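Enquirer: Pasting a predicted model and its sequence here:
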Amino acid sequence: MPGRVVLAANSSWNIVNFRTGLVRALQADGYEPVVVAPGDSAADERLAKLGVERIEVKLQRSGLNPLADFGLSREYHRILSKLRPVAYLGFTIKPNIYGSLASGRLGIPAIANISGLGTAFIKRGPLLLLVTSLYRLALRRAGVVFFHNAADRAEFIDRRIVRPEQAELLPGSGVDLDRFATSPLPPGPVTFLLIGRLLGDKGVREFAAAARLVRHQRPDVRCQLLGPIDEGNRTAISRDELDQWVSEGIVDYLGTADDVRPTIERATAVVLPSYREGMSRALLEAAAMARPLIATNVPGCREVVEEGINGFRCNERDPGSLAQAMSRLADLTDSERAAMGAASRRLVEDRFGETVVIDAYRAALGKLVASRS
């Protein structure tokens, strides 16, 4: 008989925005999903409408201090001891590490989802050794570890963090193709949109520098940022920095949005000059809505952008390369940009639909629960 399944992330918003389809599938299979995460009123209301209980756990999303986070591991242990779920599903870094550690101690099957490697793997500094050690300890008993791109999977295997038989590939988080429906390109000036947390690792500074170059040649072009300021993050863009760009007229800052679809509808193309991704959700959702894309030629971005077909790639940490790609797209005709957008939609339909991800979770969960029984 199916029982409780814990879904843990760094926020309840993460679950309701990226995992609602999975929650409904688990419910249809007879499981009782329980979310363990910090909450907010809007996300908790949506969870309640789904018939899902949320249990509060306090964690700091940024920073990785094992001594400070020891209490988090104990809290996961306490919650899981009480719930006794048939499986534990982790979705972000700290739930993957500390929740999987607690699951292993309790003999609860765990499935980890490595949606991206984070700053430690990008900068390759002393923190990388610590993070690698924590992941290795946490994931050694995990039944399945999902990765969103082949490069991340290979890196974890090469570093002996996971075993090859544990590591499976997913096409990102999957996109709800009905919710993110095709939308015609808007009339008016060419508008480039970057969606994401305002972090250096997302290439936000490169976007601002490229916007300055492009707008010097084509002042009619608009460049927009949508996403939260996350000044607690080690690579965060400061408010002063952002205000300076806005005052110069380089970019428009649109704030944050619970629903990104209206903003994508008003954009000509979506840009992501990130240093590395798991599999960019922003690019996938924009592609599903038939938008041309511009992104860096790095893992988690290049898989979604076929050069000259549905967009253009640029070099990492290179504002000049990004500006060149933006200018190339701006120089296209409306019909050429529309054709690129249509190619984006076909790519997502062929490779990144939500059903593929849900089916993979169902299969993995079914095997783990059956083997435990």
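Expert: Ah, there it is. Everything numeric in this text was worked out from a predicted model, so none of it was measured. Numbers count the residues shown, from 1 in each chain.
Enquirer: Give me the helices and strands touching the host helix or strand of Ile264, please.
Expert: Using DSSP states H and E, Ile264 falls within helix 261-265. Packing partners of helix 261-265 (3 or more C-beta pairs under 8 Å, 6 or more residues apart in numbering; DSSP states H and E): strand 191-195, helix 281-288. Where C-beta positions appear, they are placed from N, C-alpha and C, glycine not excepted.
Enquirer: After it, which helix or strand is next? Please name it.
Expert: strand 269-272.
Enquirer: and for that next one, what are the contacting residues?
Expert: Applying C-beta atoms under 8 Å, 6 or more residues apart in numbering, the external contacts of strand 269-272 come out as 190-196, 202-203, 207, 264, 280, 282-283, 286, 291-296, 301, 311, 322, 326, 329, 337.
Enquirer: pLDDT of it, averaged?
Expert: For strand 269-272, mean pLDDT rounds to 98.
Enquirer: Buried ones in that strand, by neighbour count?
Expert: Ala269, Val270, Val271, Leu272 (16 or more other C-beta atoms under 10 Å).
Enquirer: Against Leu284, how distant is the third one?
Expert: As defined by C-beta to C-beta, to the nearest Å, Val271 lies at a distance of 14 Å from Leu284.
Enquirer: picking that back up, please work out which of the helices and strands packed on helix 261-265 is packed deepest.
Expert: helix 281-288 (a mean of 27; mean count of other C-beta atoms under 10 Å).
Enquirer: residues in contact with it?
Expert: 18, 172-173, 175, 177, 180-182, 193, 195-196, 260-261, 264, 267, 270, 272, 293, 295, 301, 304-305, 310, 344-345, 347-348, 352.
Enquirer: Separate out the buried members of those.
Expert: Buried among those (16+ other C-beta under 10 Å): 18, 172-173, 175, 177, 180, 193, 195-196, 260-261, 264, 267, 270, 272, 293, 295, 301, 304-305, 310, 344-345, 347-348, 352.
Enquirer: circling back: return the member of the buried residues of strand 269-272 nearest to Ile79.
Expert: Nearest to Ile79 among the buried residues of strand 269-272, counting by C-beta to C-beta, is Leu272 at 35.1 Å.
Enquirer: where does Val6 fall, phi/psi-wise?
Expert: Phi and psi for Val6, reported as degrees, to the nearest 10, are phi -90, psi 130.
Enquirer: Hmm, it is touching Arg84, no?
Expert: No: at 10.0 Å, Val6 does not count as touching Arg84 under the criterion of C-beta atoms under 8 Å.
Enquirer: what about these two, which has more around it?
Expert: Neighbour comparison, Val6 and Arg84: the larger count goes to Val6, with 27 against 11 (by other C-beta atoms under 10 Å).
Enquirer: got a pLDDT number for that one?
Expert: In this model, Val6 carries a pLDDT of 97.
Enquirer: for Ala138, same thing?
Expert: On the pLDDT scale, Ala138 gets 92.
Enquirer: Before we go further, it is sitting in a helix, right?
Expert: Yes: according to DSSP: H, G, I helix; E, B strand; the rest coil, Ala138 belongs to a helix.
Enquirer: All good on my end, thank you.
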